[in-house]
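**Q** got a sequence here, can you build the structure:
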Amino acid sequence: MFHFLKVFGAATKAVNNFPTSSRLSSSTAVAERVSRVLAAKSSANISYDDLAATLGVTNTYVAQLLLGQAKLSLLTSAKLKKALPAITDGDIDSMQNDFPVRAFDDEILKEPNVYRTYEAITHNGEAIKAIINEQCGDGIMSAIDFYLDVGTTTGKHGEKRVVITFNGKFLPFIEQIAEDNGAASPRD
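**A** I've put the predicted structure just below:
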């Protein structure tokens, strides 16, 4: 389960105050919920792709929802309950109201799929940056206003190939003109 206890435990200790409309769960509660939700997916015998099509989100976002890394919306919750009938109302409530944890344990980098994806990004990072800057200007790709989709295609020799699409909003860097800063200066 990708070391949920370590990651969620650290996040739980870090936050003392939070809005009453959302809440933090203990690391054990989150790990147990993730186990139950993944079991509900398994018992429904549904793939991430099929579940994504049913919910109207990307397959990666579905995985994030089930793994406790994204917050479940009210609209999507009804569709999820219908698609995964074994999921409990308590787990749906928790997925809607508990804060997700979007961190990761460094140990996950030892997992071959994750390591190779990380390696591909780091080996191609300078080239990716150069192309983004050339095509968009000085800035970065958002990882918040962001879509991620994972799929497959067939190569010219008939082999299965993995396709990962990152679709993030471009965020240009700005010139930090003092008079445009609406916040009071810490020097005042």
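**Q** the helix ranked longest in the chain: what's the following helix or strand?
**A** Longest helix in the chain, counting residues (DSSP state H): helix 112-136. Sequence-wise, the next helix or strand downstream of helix 112-136 (DSSP states H and E) is strand 139-154.
**Q** summarise which helices and strands the helix or strand that comes right after that following strand is packed against.
**A** Per DSSP H and E, the first helix or strand lying C-terminal to strand 139-154 is strand 160-172. The contact analysis (3 or more C-beta pairs under 8 Å, 6 or more residues apart in numbering; DSSP states H and E) places strand 160-172 against helix 112-136, strand 139-154. The way it works is simple: take the backbone N, C-alpha and C, and place the C-beta from them, glycine included.
**Q** alpha carbons of the last one, as CSV, please.
**A** Read that as strand 139-154. The C-alpha coordinates for strand 139-154 follow below in CSV (Å, rounded to 0.1, in the frame of the first residue of the first chain):
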residue,chain,number,x,y,z
GLY,A,139,7.6,29.6,-16.8
ILE,A,140,6.6,26.2,-15.6
MET,A,141,3.8,23.6,-16.0
SER,A,142,1.3,23.5,-13.2
ALA,A,143,0.9,20.3,-11.2
ILE,A,144,-2.3,21.6,-9.7
ASP,A,145,-4.2,22.7,-12.8
PHE,A,146,-3.1,19.4,-14.3
TYR,A,147,-4.4,16.3,-15.9
LEU,A,148,-2.5,13.0,-16.1
ASP,A,149,-3.6,10.0,-18.2
VAL,A,150,-1.9,6.6,-18.6
GLY,A,151,-2.6,4.3,-21.5
THR,A,152,-1.0,2.0,-24.0
THR,A,153,-0.4,1.9,-27.8
THR,A,154,1.1,-0.7,-30.1
